[in-house]
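Trainee: this is the structure alone, sequence omitted:
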């Protein structure tokens, strides 16, 4: 079956099945679990035991089908470097955090003059830590231990 | 300090910090080796030394402390994350994507071999059926 697909067709099929596999495995991980409470989110999965069991069986069948199609068409797995994923995520988050500093919040209305003092130092520390984590997982050397990293100047991105 | 933010500013701050928290907790799980295992169509690797992992986890802990302080200071409330709705949405999206993978639809990516349909379409149809079966299962309220 390997030669029935052109390269673009093979890439499309691999990507779609890969995304579905990731979704199925995420659901598979969530199904048996209890609720999870973070600081700013509460994850809940309100399903009966029967629904969880039937859901798990459907997911197993779907994963078997993906395995079979992959075998028949010799679809190759991608190689995901999680360090790069974490690093990229932290870089994106850096931009979002910068956009949440008090001066940027004026897009959503007048900013209380007291806000900067209460908000910005914590956001700046989060920004530093995001960059530090990005560097760490990408294997860049860190001269200071994390809790002694000097504060960086973000003036150029503030305005 | 809660009164220093208007409703839109509060929503913006809460959403940004919530997404950051989720990213941090996902990274922390991977650094502990949770969820790193490979699948059929993807292999995941995290090549970091024990020292790098420990240092990264320390940074994550410090970041979570900052988020804790901001949530306390501005009285930011946790948002409800409905995982049933998330799974259902993913299955609907997968069903849509699968509909573009039938041999006939793959014409958009070049000439289709006439032998492709009989060999590929039954698998795609079965995956589409299973995606909708799972979505439908989760549509119903929990049964006692």
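Mentor: All right, it came through fine. These numbers come from a predicted model, not from an experiment.
Trainee: what ranges do the helices span in the chain?
Mentor: No chain was given, so I picked chain A. Counting by DSSP state H, chain A has helices at residues A:7-30, A:49-72, A:82-98, A:115-137, A:155-158.
Trainee: please go with chain B instead
Mentor: With helices called from DSSP H, chain B shows them at B:7-31, B:50-73, B:83-99, B:116-139.
Trainee: what's the closest non-adjacent residue to residue A:23?
Mentor: Leaving aside its sequence neighbours, residue A:23 sits nearest to residue B:90 (C-beta to C-beta, 6 or more residues apart in numbering or on different chains; 4.0 Å). Yep, even glycine has a C-beta here, placed from its N, CA and C like the rest.
Trainee: for chain B, give me the ranges with low pLDDT.
Mentor: Counting by pLDDT under 70, the ranges of chain B that qualify are B:141-144.
Trainee: 80 instead, please
Mentor: Within chain B, the segments meeting pLDDT under 80 span B:1-2, B:140-144.
Trainee: gap between the spatially most central residue of it and residue B:43?
Mentor: Using C-alpha atoms, centre = their mean, the residue of chain B that lies closest to the mean C-alpha position is residue B:86, 8.3 Å off. According to C-beta to C-beta, to the nearest Å, residue B:86 stands 24 Å off from residue B:43.
Trainee: hmm, back to that, for the residue nearest to residue A:23, grab the count of nearby residues.
Mentor: Using other C-beta atoms under 10 Å in any protein chain shown, residue B:90 is surrounded by 20 other residues.
Trainee: ok, it - contacts?
Mentor: A:23, A:26-27 (C-beta atoms under 8 Å, 6 or more residues apart in numbering or on different chains).
Trainee: for the residues you listed, which one is nearest residue B:67?
Mentor: Nearest to residue B:67 out of those is residue A:26 (C-beta to C-beta; 23.3 Å).
Trainee: give me every residue that touches the closest one.
Mentor: B:87, B:90.
Trainee: do residue B:95 as well
Mentor: B:128, B:131-132, B:135.
Trainee: give the contact list for the nearest residue to it once chain neighbours are set aside.
Mentor: Of all residues not flanking residue B:95 in the chain, residue B:131 sits nearest, at 4.6 Å (C-beta to C-beta, 6+ apart). The contact partners of residue B:131, by C-beta under 8 Å, 6+ apart, come to A:20, A:62, B:91-92, B:94-95, B:98.
Trainee: in JSON lines, list the residues you listed along with distance to residue A:45.
Mentor: What follows is the contacts of residue B:131, written out as JSON lines (distance: C-beta to C-beta, whole Å):
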{"residue": "A:20", "distance to residue A:45": "20"}
{"residue": "A:62", "distance to residue A:45": "18"}
{"residue": "B:91", "distance to residue A:45": "14"}
{"residue": "B:92", "distance to residue A:45": "17"}
{"residue": "B:94", "distance to residue A:45": "19"}
{"residue": "B:95", "distance to residue A:45": "21"}
{"residue": "B:98", "distance to residue A:45": "24"}
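Trainee: closest to residue B:8 out of the residues you listed?
Mentor: Using C-beta to C-beta, the contacts of residue B:131 come closest to residue B:8 at residue B:92, 30.0 Å.
Trainee: separation between the closest one and residue B:32?
Mentor: Following C-beta to C-beta, the distance that separates residue B:92 from residue B:32 is 32 Å.
Trainee: same check, this time on residue A:34
Mentor: On the measure of C-beta to C-beta, residue A:34 and residue B:32 end up 18 Å apart.
Trainee: repeat for residue A:62
Mentor: Counting by C-beta to C-beta, the gap from residue A:62 to residue B:32 is 28 Å.
Trainee: next one: residue A:74
Mentor: From residue A:74 to residue B:32 the distance is 34 Å (C-beta to C-beta).
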